[in-house]
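> below is the sequence, then the predicted model.
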Amino acid sequence: MGDLAWIFFSSMVVNNFTLMLFLGLCPFLGVSGRLDTALRMGAADMFVLTMTAVAVWFLNAYVLAHVPYLRLIAFIIVIASLVQIVEMVIKKLSPVLFRELGIYLPLITTNCAVLALAIFQTNRGYGLLEGLVFAVGSGAGLTLALLLMASIRESLDLADIPDVARGTALVLFVAGGLSLAFMGFAGLLSSS
Amino acid sequence: MSAPPLLVTASPHVGAGDSTPKIMWNVVASLVPVVLAATWFFGPSVPLVVGAALVGAVGAERAFGRRGTLADGSAVITGLLLGLTLPAGLPLWMAFVGGAFSIAIGKLIFGGLGQNVFNPALLGRAFLQASFPVALTTWPLPGTAETWWALRGDNFALPFASARVADTLTGATPLGRMKFEHQPTALWDLVLGTTTGSLGETSALLILLCGGYLALRNYLNWRIPASLFATVAVVETLLHALAPARFPDALFMLFSGGLMLGAMYMATDLVTSPVTNLGCWIFGAGIGVLVLVIRLWGGLAEGVMYAILIMNALVPFLNRWTQPRLFGTTRIAPGR
Amino acid sequence: MSVETHAPEPGPPAPPPDVAPARLLTVLGVGGAVAGTLLVLAFGLTLPRIEANRARALDAAVKEVLRAPARYDTLFVVNGALTKTAPPGADPKKLEQVYLGYGTDGRPVGFAVVAAEAGFQDVITLIFGYDARDRKLLGMKVLESKETPGLGDRIEKSEAFVAQFAGAVAPLVGVKGKRSKPGEVSMITGATISSRAVIRIINKALARLGPRLEAYREEGKGNP
Amino acid sequence: MSDELSHLHCGAGGGPVLPGRTVTAQMDLLKGLWRENPVLIQLLGLCPTLAVTNSVANSVVMAGATFFVLVGSSLLVSLLKRFVPNEVRITSYILIIATFVSVAEMGLQALVPEIHKALGAFVALIVVNCIILGRQEAFAGRNPVGRSVLDAVGMGIGFTIALLLMGSVREILGSGTFLGVSLFGPGFEPWVIMVLPPGGFFTLAFVLLTVAWARQRRAARAAAAGRDAAVARRAA
Amino acid sequence: MLGRLRFRHGVHPPELKELTARVPIRRLPFPAELVLPLRQHGGKPARAVVRVGDRVERGDTLGEADGFVSTPLHASAAGTVSDLGLWPHPDGSYAPAIRLAVDPASPQALRPRLVPEWTALEPAGLVEAIRQAGVVGLGGAAFPTHVKLSPPKDVKIDTILINGCECEPYLTTDHRTMVEYPERVHLGLRIMMRCLGVGRAMIGIERNKPDALEAIRATLPKDLDVTVHALEVKYPQGAEKMLIESLLDREVPSGKLPMHVGVVVQNVASAATIAEVFETGLPLIERIVTVTGRGVRRPGNFIVPVGTKIRDLVQAAGGLTEDAREIVFGGPMMGAAQASLDIPVLKGTTGVVVLTAADTKPTVSYPCIRCGHCLDACPVFLNPQLLGQLALKERWDEMATNHLADCMLCGCCGYTCPSNIPLPQLFQLAKAALRKRPAA
């Protein structure tokens, strides 16, 4: 139980995918301009991450032991098809949700966070439950970072940013500040 | 009768009499006793370290800022506050770098006064902490040098050079001792300030008084420290009642470390705290919870700085969620 | 990569006029086959090297924490006991392993144990040598950690810190300042969490494996 | 994978070629260095740029691996472009890229195990590096082999330049060393933050700031020159 | 039910009413020239019905009402129309105005009754007589009174509130009216209650006018259901929405009018004027104006003909001091600064405040430091901080979604802003920009 809690908080804040490991930067920089899109992106991320965790556990347990050299190809194909399937299912079941998620689902395919989750899960030898907790924690971390960045960027819309700092440079400065702040979580739940 | 040169301005034609520079310089003035007290405890290193941070901050504002922004006093506050979060023995060049970073990256990159997301002083402090972790966690003991005049560390280390090991006695902060050795510190030492710690972390009482002055003049939102103290006190009292051996009592938590300085001066930074009163209550409570989480379950002994920075990032959120209820919208007029 | 920064692209190349499913399958099949061949080839070429690298790294670490034994055996932890041979059917790579070193005189000098747990930033993996007879540590080496550079990473880089583990009596106790008892380890100032994590990892591993190691020594008496 | 995806996300700017201008091999090669630098100008592949540049050695190896994958897949994609039906275009590209990445990863693991360990998952993550898929979509998939390879080489060098820049700054300031060689002696106090995640963000932000500043300066100067020229023409 | 006699938020500017609070109202001699802009009230301007050279007697009609939300304009003195053209208007523009050369020889005597005897009239007739007399609200907004007294059929009015707050600093017009003419206030109230058929009325007066409270209480008619209440001294207690909250604990819904919560609010000066109109038989041609501030030598309260120029008023108050810097029509919180001494007093001008250099606010402003003081001040609970930032970026539409329409430009946010950001001005600009935009 303690281990699961540690996995969750470690992946959510201590080793936050975006702010500490630089994963999923593309949506972080690309769709963090507005709060509602950020929220949807986070939700989509979370969903795909969880699905991936299950699929990767299955792959690792039953397939890749025999063909280790196909690991990367298997992961990327599984993720891509997963996203495609999820997209189709959502489209069928809930057109409203599909419209809400819009372009964010396909974007996730090339989101390095998902592939990284698969690789980390494999390297660390997580079981199904651990993998799920890890995925949910990472997804929560991604969403948290996205939401923070989006709300900050919305408020910075009204600031008089110097010309040279406008755009990505400013976002990176803010990300650096967030990353610095998140360093405070280091060692969470591992001190006892 | 000839017409005098008439001024035509927009209403209102009278003001409450406060001005931004006046607020800022009042904050500066209220910090002077804190600096003096720190000097009393830690000797001539204090004006040196605070001065270096101040020069860094003011220099950056002068170099990169818009014309005439020095007079508003905000850069001076940042420099002073940063200086007060540093240990007495810190090499001056580091304090200078911290001050310059605070202003240049913490403030000017966002467009200057009023636009920044994070508290500049704390961002500079976090930068220094991440850059020079050893120097920033070497705490001289107060009043232990042979003479008051002795420096409490290698203040004059060359730029980019490490500090040489000084012969001043150093020790763990009360929080560090509690966390890693389970040794309590007498409450009076915490209140008066005769403990190790960064310059402005020591005398809780003095900071409470100086901050109280600002609160009385409405130069800070008293709701932030109030909700912060209340949160820490309530949660910590409960935890202490559950497991007295594991969790220290609430008074220790309130008076140790940077909580007072953070609550009165950092969290209440007007620019980086919520504009709404409800937002301020939540903001203070959030800081309180995060401080406890980091202090009790995290890897660091002290978490005030990080707690405030994280809550700073949440401020746009809070502002959005706690918009005031528009007059005449939800409440149904009674008697109709 | 960013969504908003590029100039619009001219459309994709015009699709070939006829896309027969047969051709599609052929191309994919051939492509897959080529890719597969390439992969298997690379895998076959690199695998020995990779395995050798791993083995060399482990070998060096075991020898370091056991203070240069004459030789060592690999033992497997199976159902709470140590065995020299993996049970049939089990993949030896997936079993937990400890390493038993022997001196030049052929007598066992101690066990090397790999253990991992959460540190300050992320999981710390380390190996330590343990003399089960005297319940003394022989040495400690961090295999993998992401602790703060300049602070937490001194658990592997500070020679003074690492050296304390040789001869320390288990269970270990972390202390601030100078150590005064043989079981004490003086922690790194400013990196208490990392230091304590190392101590905790060793103590936990010994609590779990210690009795087994001692038991193995008993039954393995005179075995070599 | 759907087609629109590549355009939404990875459709890297190959830069429309102006009609009536001959494109020389030199231009194919050189544009990636600065004018269309994948990292500094197009802001692609930021994840590895931030994640692995805490030392020069890591940056070099990462850049090398990416270079290998980029050139290899551009070559193959350009060779095969006539045989690949449009429907499975992206899938095939990804397959090719993933193959090369797998090879590169195994190679690194065999040759430089220490650095491979330090790079961690980021070697495998080259698969989703947008520079690579972007070049296939924007260039290799529609240009002859020679030009495609030149383009890939140019882009690869551009990526390497960016990584080296970041790696040098971060290692020199963060550790006081260059490629592990101490530069300032033992008295130097390293700025540890530079090798930590926030330092990555700050360094890249500074680099982009400088790039923006340089471009602004250049634009201003060009505008001034244009004005001067116009004045001179009118005077003449 | 009674309210808590106060409202939430608001500010406490220094009152400075002691300059004129005890100075009795004095009638001024007629000036040589009067200027009567055709737009003196909310709604459409009046239409001129005289020509240059026409001789008019005191009380004659100069302009006719142009539509329902409009009022006629009357000559405030006997004289000759000397010009019909553009003249500086207190709102800062040049507007059509009638210039009247006052006949120095005329006795300016009361003419035979122009307004009928009120006791003889039915409610509809009363409202019509009030309309004919050109009566507008004298609290500053100058909204035609007859409109307020003719609510739509589907609205039920249960209470009339008489606004004696006079919360703007400096001004003492209402104060002196209540002290010197309490019976007029009551008579006006009686007439309005008859117009609306309402049985209940309340008079709200800020606590800082004990003599006015006493005078109004002492003369309270016994046969009417009228109560007098001392209210908290706070700006803008006199704003309709705030007064209704204080007295009745009702919140006027956003975007609605007082009548939607069953209330009509009238200023004490308006009530007194209605009474006076029926007493004297003359239409609204003169009013009480406070000329005050440290920039004039002898501040006082004066009865002046509508159309009197600042120049004449200031002269009556002893002239300007050396350090007079700014002349404001109305109170310093909402009033408009005037650029010339030729600007005339309108029906709605409550006072002329002359500020010295020391009284005026500095003109330099600083960036917003998000102190939140404006949120604590705004009586309608807007977020002026956000609105101000949006205004600086000219994001009008977002301002509209943030309820700019509910802003009544009371000036509390600007008063309290330490960075001296001209928030009310920005909001006025934004409102204008949004008005100009074609409704989508």
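Right, received. Where do you want to start? Numbering: from 1, shown residues only, chains lettered A, B, ... in the order given.

> contacts, neighbours, all on C-alpha from now
Noted.

> show me which residues of chain D sit near chain A.
By C-alpha under 8 Å from any C-alpha of the partner chain, the residues of chain D that approach chain A are D:1-2, D:5, D:8-9, D:46-48, D:50-51, D:95, D:98-99, D:102, D:121, D:124-125, D:128-130, D:197-202, D:204-206, D:208-209, D:212-213, D:216.

> among the residues you listed, which are in strands?
Judged by DSSP state E, the residues of chain D next to chain A include no members of strands.

> among those residues, name the buried ones.
D:1, D:5, D:8-9, D:46-48, D:50-51, D:95, D:98-99, D:102, D:121, D:124-125, D:128-130, D:197-202, D:204-206, D:208-209, D:212 (16 or more other C-alpha atoms under 10 Å in any protein chain shown).

> what's the helix or strand for the residue lying closest to A:Q121 once chain neighbours are set aside?
Computed as C-alpha to C-alpha, 6 or more residues apart in numbering or on different chains, the closest residue to A:Q121 that is not its neighbour in sequence is A:G131, at 6.2 Å. When elements are assigned from DSSP states H and E, A:G131 belongs to helix A:128-156.

> off-centre distance for that helix?
6 Å (C-alpha atoms, centre = their mean, to the nearest Å).

> tell me the helix or strand right after it.
helix A:168-182.

> contacts for that following helix, please.
A:13-14, A:19-20, A:29, A:149, A:153, B:105, B:109-110, B:117-118, B:123, B:126-127, B:130, B:306-307, B:309-310, B:313, D:197-202, D:204-206, D:208-209 (C-alpha atoms under 8 Å, 6 or more residues apart in numbering or on different chains).

> burial count for B:Q183?
For B:Q183, the count of nearby residues is 13 (other C-alpha atoms under 10 Å in any protein chain shown).

> list the buried ones in the helix holding A:G131?
Buried residues in helix A:128-156, defined by neighbour count with 16+ other C-alpha under 10 Å: A:128, A:130-156.

> doesn't E:V291 lie inside a strand?
Yes: according to DSSP: H, G, I helix; E, B strand; the rest coil, E:V291 belongs to a strand.

> show me the shaky parts of the chain.
Let's take chain A. Applying pLDDT under 70 to chain A flags the ranges A:1-2, A:101-103, A:107, A:109-110, A:191-192.

> my bad, the chain I had in mind was chain E
Using pLDDT under 70, chain E drops low at E:1, E:438-440.

> okay, and the nearest residue to E:H175 once chain neighbours are set aside sits in which element?
Spatially, and ignoring its direct neighbours in sequence, E:H175 is nearest to E:A212 (6.2 Å; C-alpha to C-alpha, 6+ apart). E:A212 belongs to helix E:210-218 when elements are defined using DSSP H and E.

> how about the CA coordinates for that helix, as PDB?
The C-alpha coordinates for helix E:210-218 follow below in PDB (Å, rounded to 0.1, in the frame of the first residue of the first chain):
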ATOM      1  CA  PRO E 210     -28.000  65.100  12.700                       C
ATOM      2  CA  ASP E 211     -29.600  68.500  12.200                       C
ATOM      3  CA  ALA E 212     -31.300  67.400   9.000                       C
ATOM      4  CA  LEU E 213     -32.500  64.200  10.700                       C
ATOM      5  CA  GLU E 214     -34.000  66.200  13.500                       C
ATOM      6  CA  ALA E 215     -35.600  68.700  11.100                       C
ATOM      7  CA  ILE E 216     -37.200  66.000   9.000                       C
ATOM      8  CA  ARG E 217     -38.300  64.000  12.000                       C
ATOM      9  CA  ALA E 218     -39.800  67.100  13.700                       C
END
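
> could you measure from the nearest residue to A:I152 once chain neighbours are set aside over to chain C?
Using C-alpha to C-alpha, 6+ apart and skipping residues adjacent in sequence, the residue nearest A:I152 is B:P316, 5.8 Å away. From B:P316 across to chain C, the span is 24 Å (C-alpha to the nearest C-alpha, to the nearest Å).

> run a quick neighbour tally on B:P316.
Close neighbours of B:P316, defined as other C-alpha under 10 Å, add up to 25.

> from B:T272, how far off is it?
Here the criterion is C-alpha to C-alpha, to the nearest Å. By it, B:P316 lies 9 Å from B:T272.

> list the contacts for the residue nearest to A:Q121?
Neighbour list for A:G131: A:A53, A:V54, A:W57, A:Q121 [criterion: C-alpha under 8 Å, 6+ apart].
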